[in-house]
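J.: Below is the structure, and that's it, no one-letter string:
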């Protein structure tokens with residue numbers, strides 16, 4: 001299991017952070033309030049730039065345990081059915097953008113998926129890596145779901161807000177794999193090839209074909 005880094009706008013953020021750090025300096029044991037104000041403003045602008053490209057589209061909320069297995073059963077059936085129909089015998093690829101601490105990804109790996117876990121937050125990514133440490137066919141990527149496009153996916157799970165779900169659909173368009181989104185539909189799914197809404201355990205699951 002590896003942790004890979006795929007940062008977007010990292011150079012811009014680094015430049016802003018470097019500028020902020022050089023402006024914040026102590027004078028006789030205290031920080032100049034004007035310098036501190038400028039630093040706070042620079043940090044605010046830096047995080048705004050991340051949000052603009054999708055990095056902060058969804059707060060982390062873990063998927064509840066009782067719904068994980070039904071979702072993975074669905075994805076498992078869809079992924080294997082798709083690969084069988086195409087005559088492909090390779091290990092199916094499970095992809096989870098915004099995987100958080102890796103609770104669902106860990107169980108996907110145990111079901112036999114090659115598991116690709118994408119998370120922008122470095123600390124959550126490390127937590128996911130710890131969960132997947134004993135899974136030889138799993139990788140955690142630190143990166144932005146708005147631009148990261150795996151070479152191949154067979155099953156995608158997302159527990160994200162509508163705008164983030166839409167970004168994932170846009171980035172993965174043409175893969176032909178199923179995407180299941182828990183609770184939230186895409187912001188604008190009019191251009192999606194196929195979509196359906198399922199009810200499982202009193203929860204809404206939106207199914208898309210990429």
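T.: Okay, I see it. Note that the structure is a prediction, hence the values are computed from the model and not measured.

J.: Relative to residue 145, how far out is residue 92?
T.: 20 Å (Cβ to Cβ, to the nearest Å). Any C-beta I mention is one placed from the backbone N, CA and C, and that applies to glycine too.

J.: I meant to write residue 157 there.
T.: Here residue 157 is placed at a distance of 12 Å from residue 145 (Cβ to Cβ).

J.: likewise residue 176?
T.: On the measure of Cβ to Cβ, residue 176 and residue 145 end up 19 Å apart.

J.: just residue 62 next, same as before
T.: Distance, residue 62 to residue 145, using Cβ to Cβ: 17 Å.

J.: Please say which of those two ends up with more neighbours.
T.: More crowded of residue 62 and residue 145, by other Cβ atoms under 10 Å: residue 145, with 28 against 13.

J.: Residue 131 contacts residue 102, doesn't it?
T.: Yes - when contacts are counted by Cβ atoms under 8 Å, residue 131 is listed as touching residue 102 (4.1 Å).

J.: Between these two, which is the more surrounded one?
T.: Between residue 131 and residue 102, counting by other Cβ under 10 Å, residue 102 is the more crowded of the two (28 against 20).

J.: show me what contacts the closest residue to the more buried one other than its chain neighbours?
T.: Closest residue to residue 102 in three dimensions, ignoring its sequence neighbours and counting by Cβ to Cβ, 6 or more residues apart in numbering: residue 128, at 3.0 Å. For residue 128, the contacting residues are 99-102, 105, 117, 119, 140, by Cβ atoms under 8 Å, 6 or more residues apart in numbering.

J.: same thing with residue 165?
T.: Each residue near residue 165 by Cβ under 8 Å, 6+ apart is listed here: 158, 181, 184-187, 206.

J.: Mind checking which of those are in strands?
T.: 158, 181, 206 (DSSP state E).

J.: need the strands for the chain, in chain order.
T.: According to DSSP E, the strands that the chain contains are 2-6, 26-27, 30-31, 93-97, 114-119, 138-143, 155-158, 178-182, 194-200, 203-209.

J.: surely residue 102 meets residue 126?
T.: No - at 9.8 Å, residue 102 does not count as touching residue 126 under the criterion of Cβ under 8 Å.
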